[in-house]
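Trainee: Turn this into a model:
(chains A and B)
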Number of protein chains: 2
Amino acid sequence: MNTMDSPALTLATPEGRQFFRDFYRTDLLNSTIPFWFPRSIDTVHGGFLHCLDHDGSLLDTDKSVWAQGRMSWMLLTLYNTLSPNPEWLAWGLAGLEFLSKHCFDADGRMFFHVTADGRPIRKRRYAYSECFASIAHAAAARALDSDEHATRSCELFDLFYDWNFTPGRMPPKFTDTRPMIGLGPRMMAISTVQELRSNFGVNARHQAIVDRCLEEIETLFVKPDRRVVMENVAPNGDIVDHFDGRQLNPGHAIEAAWFILLEAEYRRDSRLTRMACQMLDWMWDRGWDEECGGLFYFRDVDHKPVQEYWHDMKFWWPHDEAIIATLMAWQMTGDERYAGWHRQVHDWSHQHFADPVHGEWFGYLHRDGRRSVSIKGNLWKSFFHHPRMQWLSWKRLDESVGAS
Amino acid sequence: MNTMDSPALTLATPEGRQFFRDFYRTDLLNSTIPFWFPRSIDTVHGGFLHCLDHDGSLLDTDKSVWAQGRMSWMLLTLYNTLSPNPEWLAWGLAGLEFLSKHCFDADGRMFFHVTADGRPIRKRRYAYSECFASIAHAAAARALDSDEHATRSCELFDLFYDWNFTPGRMPPKFTDTRPMIGLGPRMMAISTVQELRSNFGVNARHQAIVDRCLEEIETLFVKPDRRVVMENVAPNGDIVDHFDGRQLNPGHAIEAAWFILLEAEYRRDSRLTRMACQMLDWMWDRGWDEECGGLFYFRDVDHKPVQEYWHDMKFWWPHDEAIIATLMAWQMTGDERYAGWHRQVHDWSHQHFADPVHGEWFGYLHRDGRRSVSIKGNLWKSFFHHPRMQWLSWKRLDESVGAS
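Mentor: Numbers count the residues shown, from 1 in each chain, chains lettered A, B, ... in the order given. Predicted coordinates for the structure are as follows:
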């Protein structure tokens, strides 16, 4: 059954919850996982070959270090939470082994892009590779009940945190003339601690980092008077009135909103739920394309033109994040508006991103929903945002439906 | 009269040449120049405020160092070749003054992006800012008959050449694992020497640099067996079979083709003319979008998907460069195919990029020709590619029509 056949089917009804739960489960198991595995397993050098065309054919043997960590994390998380499939465990650990063997520079920081056999192509200024390796080790700690993996997970998170939050540690992006700070490191810190916590337990120092990041997001990035969440601000929270400073990333802010909803749920903090729902509301309003459907990639806080010429493209991942955020917002508030948005973004995404022939989603659409490129995996897109949405939505709907 | 009204009107007929000559002249003088001036003149800090929306309103006060050099060059070139308009001279020299005062780092290299009052925001690894400052000084040398400007022009070109062509001088883009060399520095070296030569005379050392770059383009980047011009290759000319190595930039190669036609004309070298025409033929074939019209931004040498998701957008500048290249190829070979292509790219461009309301061209279209963004100027688009096409086409057609 397709939701299009049944316009009344939303999360607000038991039939709707059952439908969406089954949909995400089936799609994860029958479409997404079989697209990636076993074809992306590099049996020669270890790790994952993830630069794949629409039919799964290999477009580039290079490896993204993000993808190695993210795919390991996802496989080990499926192993931990769905079923103890020994292939998922073996593949996840093989990804971690490739990371440990080949993806670290002499200074302890990680690369961003390596060759199939692990020679470094590119290292980046920021330290997200370390975050994704950290959560992969966290999932391995749980899968193997291993203190060693838990320790390594904490070390890598500490490296990320120190690099991003110690003044002067990370070289400035350009110069010191007009410094800005980003939503990205703050939301990544929250999400990474959440993964550590769910896999091997809470740590007071890490929890204090989440407190700090929540406070900075609320006081510096969330702007109630403008009904907006900024992507970058001056260190004191001022809006920087230039192209870069005015640029909003609705998908990113909506992803941050569900990280904060997860925290609100853990803390049973209704004030935090309200803040996260406001973030979702405002950025849905800023991001949803009323004319063509889908979420714009960039917008300008003052509704001025955005400098990035591809600003109005529709990428897969903001839609995955919006499906999660609207589902969680509905579950935590019962507000039927979120059930309506959930159905809206679910329908548009599955009509435009899905590939019924070879499985998985396409990644990049033009504003009007036409496909820009047939690629299913590249240095940015791998087995992560889409299966995470399917896995998390399935698991969360199990609670609403009653696990089967 | 619009060419659309008269399908037979091409460069191959005297009426066609007259039409296009008048069109470019009128469009330069009545549409492009009045869009930019005097509104882009920064009367407070000097230089040009060029980040402008469709109606000329200011979107960002930041300044591109490329734009400061390019706009100075274009203004001084119009002064030198069209009419001794004292405003053009004053504005061009004011741009050069801003460059000299604010755009140099302590190491002698130039910035890429500065604030309105000249504080540095960004410096880039490569050294194209220096090229554009060099040609601006070259045009000033002619305008003022100034040895000082000629000397400065040579110094800046030498800095560019040393930085780009001395092994080990420029830090690698990423790592040394898989080095590549680019068409860009070679075509920029040729074009910059051509500007120096036309403004203050030839220099044997500079001419030898052009010889070297022509030879490297022919032996390393031009691939007759594949009928293609590569954008990046291994240092020995091998095609690097990864996303970045396979990626073609048809507009850039077509721009390089007309730089080489200019050199062939200067040297009366018919072999060089043939090579440049082949470059144009192959990259027209690779770049022209048979379905929607216009030139794609990126293509893959093996016809695989391109990693850049906005690869199929239509940017203004490749169309300006293709108008020049087809015009020159027609003038130098008499082949009516080039007259047909010239008309084809002229018509598509003027139908899709032109703004009959406020003048100038829009910069960024989706594949199907719809506008992506209303911006007319930003850190990359300023008063350069488009007026250069209009000015050069007008001046070259004057020779075919008989100057009026």
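Trainee: switch to C-alpha atoms for all contacts and neighbour counts from now on
Mentor: Noted.
Trainee: tell me which element A:A150 falls in.
Mentor: According to DSSP states H and E, A:A150 maps onto helix A:147-165.
Trainee: Report how many residues lie close to the residue nearest to A:R186 when sequence neighbours are not counted.
Mentor: Closest residue to A:R186 apart from its sequence neighbours, by Cα to Cα, 6 or more residues apart in numbering or on different chains: A:C213 at 5.2 Å. The burial count assigned to A:C213 is 19, neighbours taken as other Cα atoms under 10 Å in any protein chain shown.
Trainee: One more: A:F384?
Mentor: A:F384 has 19 neighbours, counted by other Cα under 10 Å.
Trainee: Return the residues in contact with it.
Mentor: Residues in contact with A:F384 (Cα atoms under 8 Å, 6 or more residues apart in numbering or on different chains) are A:A67, A:R70, A:M71, A:M74.
Trainee: list the helices and strands the helix holding A:A150 packs on?
Mentor: Contacts defined by 3 or more Cα pairs under 8 Å, 6 or more residues apart in numbering or on different chains; DSSP states H and E place helix A:147-165 against helix A:128-144, helix A:183-200.
Trainee: Mind putting the ones you listed into a markdown table with mean pLDDT?
Mentor: Below are these laid out as a markdown table (pLDDT from 0 to 100):
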| stretch | mean pLDDT |
| --- | --- |
| helix A:128-144 | 97 |
| helix A:183-200 | 98 |
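Trainee: how about the strands of the stretch 251-400 of chain A, start to end?
Mentor: Using DSSP state E, counting those that start in this stretch, the strands of the stretch 251-400 of chain A run over A:299-300, A:314-315, A:364-365.
Trainee: For the first one, give the mean pLDDT please.
Mentor: The reference is to strand A:299-300. Strand A:299-300 shows a mean pLDDT of 98.
Trainee: Just the element for the most far-flung residue of chain A relative to its centre, please.
Mentor: In chain A, A:T177 marks the outermost C-alpha relative to the chain mean, sitting 31.3 Å out by Cα atoms, centre = their mean. For A:T177, there is no host helix or strand (DSSP H and E).
Trainee: quick one: it and B:I121 touch, right?
Mentor: Yes. Assessed by Cα atoms under 8 Å, A:T177 is found in contact with B:I121 at 5.9 Å.
Trainee: quick one, what contacts A:I41?
Mentor: Contacts of A:I41 (Cα under 8 Å, 6+ apart): A:G47, A:F48, A:L49, A:W91.
Trainee: ditto for A:W380
Mentor: A:S64, A:W66, A:A67.
Trainee: circling back: with respect to chain B, which of the contacts of A:F384 is nearest?
Mentor: Set against chain B, the nearest of the contacts of A:F384 by Cα to the nearest Cα is A:A67 (15.5 Å).
Trainee: residue ranges with poor pLDDT in chain A?
Mentor: Judged by pLDDT under 70, chain A has its weakly predicted residues at A:1-7, A:402-404.
Trainee: and A:R396, how many neighbours?
Mentor: 18.
Trainee: How about the residues of the stretch 101-250 of chain A by chain B?
Mentor: A:119-123, A:174-178, A:241-243 (Cα under 8 Å from any Cα of the partner chain).
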